[in-house]
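Student: Predicted structure and sequence below. I'll ask about it afterward.
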Amino acid sequence: MKEPKSQYPRRMRARRLGKPGRSKEVQAHWDNVAELGCIVTGMKDDVTIHHVHGGSVAEYGIHKGFGMKTNDWLVIPIAREIHTGQFGIDAAFGVERWESKYGPQMYWLMVVCDKLDIDVFAKAGLVRPGGIDTQ
């Protein structure tokens with residue numbers, strides 16, 4: 001069967017179409033997150049889903065450890081270039097440098113929560129951290 005045409009880049013389509021073990025509710029959330037475009041730059045094209053990790057996320061006790069992704073609810077949409085490209089958080093640039101250039105991942109995750117009117121922390125079985133102003 002032929003794959004339906006999609007507005008998402010190839011990588012995003014693969015994730016969007018579902019993966020064994022991912023619930024329909026999480027997949028719908030990822031679709032909504034992706035539709036926001038890059039939460040950092042505002043770019044609408046070539047956006048990927050990023051599991052927040054390390055840095056500000058670790059400061060709030062949410063990070064699981066090096067090489068281990070966080071819960072599927074704790075994601076932000078970011079442009080491929082700042083995800084896995086030259087200035088990518090998951091590339092040589094690294095979490096600490098990325099957060100000092102673009103801002104804490106926890107801030108961006110809160111922005112996603114506010115834009116989608118959802119508490120991803122509750123969905124992930126966590127308590128939403130206080131003290132992060134997104135206004």
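Tutor: That came in fine, so what should we check first?

Student: Can you show me the helices along this structure?
Tutor: All helices of the chain, identified by DSSP state H, fall at 10-16, 24-35, 55-59, 80-83, 95-102, 105-116, 120-123.

Student: With respect to Asp46, which of those lies nearest?
Tutor: helix 80-83 (4.7 Å; Cβ to Cβ). All C-beta spots, glycine's among them, are computed from the backbone N, C-alpha and C.

Student: what's the closest of the helices of the chain to Asp72?
Tutor: Once the helices of the chain are compared by Cβ to Cβ, helix 24-35 is nearest, at 4.8 Å.

Student: what mean pLDDT would you report for that closest one?
Tutor: Averaging pLDDT along helix 24-35 gives 95.

Student: can you check stretch 54-71 too?
Tutor: Mean predicted confidence for stretch 54-71 is 78.

Student: ok, now stretch 118-131?
Tutor: 89.

Student: I would like the residues contacting it, please.
Tutor: When contacts are defined by Cβ atoms under 8 Å, 6 or more residues apart in numbering, stretch 118-131 is touched by residues 29, 60, 62, 70-71, 73-75, 106, 109, 112-113.

Student: Next up, phi/psi of the nearest residue to Ser56 once chain neighbours are set aside, please.
Tutor: Take Ser56 and drop its neighbours on the chain: the residue closest to it by Cβ to Cβ, 6 or more residues apart in numbering is Pro104, 3.5 Å away. Main-chain dihedrals, Pro104, degrees, to the nearest 10: phi -60, psi 140.

Student: what separates Pro104 from Val26, distance-wise?
Tutor: Using Cβ to Cβ, to the nearest Å, we find Pro104 at a distance of 23 Å from Val26.

Student: how near is the residue nearest the centre of the chain to Gln27?
Tutor: The chain has Ile76 as the residue nearest its centroid, 2.1 Å off, counting by Cα atoms, centre = their mean. Taking Cβ to Cβ as the measure, Ile76 falls 16 Å from Gln27.

Student: For the residue lying closest to Thr70 once chain neighbours are set aside, the count of nearby residues, please.
Tutor: Leaving aside its sequence neighbours, Thr70 sits nearest to His51 (Cβ to Cβ, 6+ apart; 5.1 Å). Neighbourhood size, His51 [other Cβ atoms under 10 Å]: 17.
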